[in-house]
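Chemist: A predicted structure for the sequence below; I have some questions about it.
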Amino acid sequence: MVFSVLFQELRSLCKLLKIPINEDQLQAEQSESPFLLLDLPGDEEARLLVQRSVLMKSCYECLVHAREMTHLREHIQRLPADLIATYSTSGSSFRLRIHAYGRKLSSQDVRNRIELLKVFPLDSRVDLQNPTHSFHLLEDYGLEDLAEPALQPAQLFFGRWLADSNKDAAHKLRLDERYFIGTTSMDPLLALVMANQALVSPGSLVYDPFVGTGSLIIAAAYFGGYTFGADIDKILLHGRGRSTRAKKTWRKSDESVLANFRQYGLEKQYVDVLVADATSRFLRDDVQFDAIIADPPYGVREPIARVGKEKFNPSCDDTQAVSSGMPAGADFQLGRCVLNDLIITLVSFAAKHLRTGGRLVYWLPVLQDEYNDSAVPRHACFDVISNSEQCLSGSTSRRLITMEKVKDWDPNYQVTFAKEIYTETFRERYFTSTKDKDRPKHLRFKNKISRKVRPTEPKELQPVTGLPARQ
Ligand SMILES: C[S@@+](CC[C@H](N)C(=O)[O-])C[C@H]1O[C@@H](n2cnc3c(N)ncnc32)[C@H](O)[C@@H]1O
């Protein structure tokens, strides 16, 4: 997934920052190399791009690209004098750094390389702490997880460091230190990637209809979005019920999505979260969002639910919501709802409530054997911008889908979708189709238990955590 998402993030950020990109060059570079050579308009554009990225690492102005050290040194010696002059203005300083990707270098290796790089014809002062320019030798030994790293690098780069990426953002938002989390809280890196795919920028209005503990809107808020969410699970949104943290039994009274925003100093970006059913119509028709980001329930760790008793039969036109309205405490009942109902509702909702040019970014859980492109919902209002896979188990995956609204909404437009792929709930398919040996241990255990207790019974809808399901 990483490589395809990395290229998608790059394209999205170029669009967001209005930086022209050479698509032919990008296509040619789409190999599984950790390095990417790209023509960009200038240093400032390159810095902006990498500083917003959460998947890239750093960017450099490439001065020399070679296959062997001898060639690299020859090219360094022949660098144009006027270029060298720009780096050695009076009072400037520099340092040299060595990085190897896919191999560990000893300190002796590093010293040898620095010795070899003395051919770099720069006569300004060396400053290891705070130099004006930092020049780096990058050695590419292939992908890091190779069993036996190559002895010789496949390629070498010598360049001037421009900026590091926003990679640390994922660490700042890490779940182990987040105040309020749940069993399906989204990994912060993936949430940040989603916000990038959704082109969230300062002032964007962003909505998550399956907000849970708020991980996706926190990432959107981190990039300056004003964020709003809804979830059917009242107990969760009110921070009650059992805690998912080890050794804790009940949630504290102040656990909430807002508490998470406060933890990161993002409360100004918090609009609100509502207890609401995504399949119901609870927003005014004229509400428009800049982006909608969502991780719909797969029904594996959390229920797929809706308000009302009847089996939901969604129209591809969201105006026919059959719900009785907002869930109100114990008054609401849980109707049966399968994954495709929610996906159709999500895409229809986004077609109506996104501004033209806005993006819908969401996860679509799939069974690998049955997946094909027709499983991705289509709608006349949307272009599918990207679709990349993340494996969840030996036979299941989820796909990160990015759609951009390219046409104004029309009530006659329908969602087209290979519904037969989701005739049952994903949960049922997940537990029946996954080969036992491919399954993570905890799921193997779960399956054993459920087979013993109810060998053939079809599964009824699970109640929302902590809420009694009506008989
Ligand atoms: C995969 S979780 C989302 C987790 C969330 N992204 C987070 O980081 O905590 C899906 C959420 O959808 C909610 N949900 C299920 N059915 C719903 C419905 N019909 N309308 C709104 N929310 C629903 C569940 O309560 C659950 O919190």
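Modeler: Nice, thanks for sending it over. Numbers count the residues shown, from 1 in each chain.
Chemist: State the number of residues packed around R78.
Modeler: 10 (other Cβ atoms under 10 Å). (Glycine included, C-beta is placed from N, CA and C.)
Chemist: The one 3 residues further on too?
Modeler: A81: 7 surrounding residues under other Cβ under 10 Å.
Chemist: Could you check how far it is from I232?
Modeler: A81 sits 68 Å away from I232, going by Cβ to Cβ, to the nearest Å.
Chemist: Please enumerate the helices of the stretch 201-350 of the chain.
Modeler: Secondary structure of the stretch 201-350 of the chain, counting by DSSP state H, counting those that start in this stretch: helices at 215-222, 234-237, 257-263, 339-353.
Chemist: now do the same end-to-end measure for stretch 171-183.
Modeler: End-to-end span of stretch 171-183 (Cα to Cα, to the nearest Å): 19 Å.
Chemist: same check, this time on stretch 172-190
Modeler: 14 Å.
Chemist: which parts of it are buried?
Modeler: For stretch 172-190, the neighbour count (16 or more other Cβ atoms under 10 Å) marks L173, R178, Y179, F180, I181, G182, T184, S185, M186, P188, L189, L190 as buried.
Chemist: Of the residues you listed, just say which sits nearest to R113.
Modeler: Ranked by distance to R113 (Cβ to Cβ), those are led by L189 at 31.6 Å.
Chemist: Quick one: the helices in the stretch 1-150 of the chain, in order.
Modeler: Counting by DSSP H, counting those that start in this stretch, the stretch 1-150 of the chain has helices at residues 2-16, 23-28, 43-52, 69-77, 81-87, 107-116.
Chemist: so which of these gets nearest L364?
Modeler: Closest to L364 of those is helix 2-16 (Cβ to Cβ; 14.5 Å).
Chemist: which outside residues touch that closest one?
Modeler: 19-21, 26, 30, 32, 36, 49, 52-56, 193, 196-197, 199, 201, 385-386, 388-389, 400, 402 (Cβ atoms under 8 Å, 6 or more residues apart in numbering).
Chemist: do the same with stretch 368-383
Modeler: Stretch 368-383 is contacted from outside by 343-344, 347-348, 350-351, 360, 364, 366, 384, 387, 391, 395-397, 399, 401, 403-410, 413-418, 421-422, 433, using Cβ under 8 Å, 6+ apart.
Chemist: Now, the residues you listed that are in helices?
Modeler: I343, I344, V347, S348, A350, A351, S433 (DSSP state H).
Chemist: Can you report how many residues neighbour the fifth one?
Modeler: Spelled out, it's A350. A350: 27 surrounding residues under other Cβ under 10 Å.
Chemist: follow-up on the earlier one: make a ChimeraX selection of the buried ones in the contacts of stretch 368-383.
Modeler: ChimeraX command restricting the contacts of stretch 368-383 to the buried ones, with burial defined by 16+ other Cβ under 10 Å:
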select :343,344,347,348,350,351,360,364,366,387,395,396,397,399,401,403,404,405,409,413,414,415,417,418,421,422
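Chemist: Tell me how far the closest residue to the ligand within the stretch 101-250 of the chain lies from I218.
Modeler: Residue nearest to the ligand within the stretch 101-250 of the chain (Cβ to the nearest ligand atom): G212, separated by 2.6 Å. For G212, the distance to I218 equals 11 Å [Cβ to Cβ].
Chemist: same check, this time on H71
Modeler: Counting by Cβ to Cβ, the separation of H71 from I218 is 48 Å.
Chemist: Ok, S93 next?
Modeler: Distance, S93 to I218, using Cβ to Cβ: 40 Å.
Chemist: Appreciated, that's everything.
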